[in-house]
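# A structural model of the following input is requested.
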Amino acid sequence: MANAFFGLTITIFALEAGKWINKKTKSSLANPLLIAMILVIAFLYLFKIPLEAYELGGSILTFFFPLVTVVLALSIYRQRAVLKEYFIPIAIGTLVGSIVAISSAILSSRLLGLDELIVRSLASKSVTTPVSVALTQQLGGLPALTIASTVITGLTGNLLAPYIGKAFGIKDRVAHGVAIGASSHALGTSKAFELGEVEGSMSSISLSFSALWTTIILALIF
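All right, here's what the predicted structure looks like:
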């Protein structure tokens, strides 16, 4: 177990199991990532495996975080025709979304009397993990807490995106995609592509814009 490939192998098997369960149940609630998280935690707990042993493999995964950040620029380039057509709505929509996400996280944390360290760790939870972790490191927060809150935010969007759109009567596919990407980043975007190509493209572009806006806003606040 004192090997980086141990944690990596467990993660891959857990994710594949989650994908298999999702395929068999055909339920949006059976999210592969959520299932993988539960399986990994259960495995470590039952066999009393130290978290440090598992995290040796995590270092391999986090190595790819900066590379994923670069891919965001590639997604914008590929969708440049759509971006050109809807640039103003996307820019304004993602700016408002970023302001709401950041302000709600900071204000609610301070109203609850949470430590400033936690506030700085939760401030960037609504952007994709590679960006949120990089921002938290710059702000002096806890990356582990940021990852957990970011994953929870993304999973919530992934699970609820189809239902929230219907509940609020959102029929415009562009608006729906922008909302998903701005609020639940990459995990929400994976669900947006299931809803349709337009929704997925808009979500992909908006998560990239949200990362840019969040970086600028947090720099001004802190």
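# only C-alpha atoms from now on, for both contacts and neighbour counts.
OK.
# right, and the helix or strand after the helix or strand of the chain with the lowest mean pLDDT?
When each helix and strand of the chain is scored by mean pLDDT, DSSP states H and E, helix 65-78 comes last, with a mean of 71. The helix or strand immediately downstream of helix 65-78 is helix 80-85, counting by DSSP states H and E.
# coming back round to it: for the least confident helix or strand of the chain, C-alpha coordinates in PDB please.
Output of helix 65-78 as PDB, limited to C-alpha atoms (Å, rounded to 0.1, in the frame of the first residue of the first chain):
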ATOM      1  CA  PHE A  65      -4.700  19.800 -12.700                       C
ATOM      2  CA  PRO A  66      -2.700  22.500 -14.400                       C
ATOM      3  CA  LEU A  67      -3.000  20.600 -17.700                       C
ATOM      4  CA  VAL A  68      -6.800  20.500 -17.300                       C
ATOM      5  CA  THR A  69      -6.800  24.300 -16.800                       C
ATOM      6  CA  VAL A  70      -5.100  24.800 -20.100                       C
ATOM      7  CA  VAL A  71      -7.800  22.600 -21.800                       C
ATOM      8  CA  LEU A  72     -10.400  25.200 -20.800                       C
ATOM      9  CA  ALA A  73      -8.800  27.600 -23.300                       C
ATOM     10  CA  LEU A  74      -9.000  24.900 -25.900                       C
ATOM     11  CA  SER A  75     -12.800  24.400 -25.300                       C
ATOM     12  CA  ILE A  76     -13.400  28.200 -25.800                       C
ATOM     13  CA  TYR A  77     -11.400  28.100 -29.100                       C
ATOM     14  CA  ARG A  78     -13.400  25.100 -30.400                       C
END
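# now it, how far from the centre of its chain.
A distance of 14 Å separates the centroid of the chain from that of helix 65-78, by C-alpha atoms, centre = their mean, to the nearest Å.
# neighbouring contacts of it?
For helix 65-78, the surrounding residues in contact (C-alpha atoms under 8 Å, 6 or more residues apart in numbering) are Leu83, Thr129, Pro130, Val131, Ser204, Ile205, Ser208.
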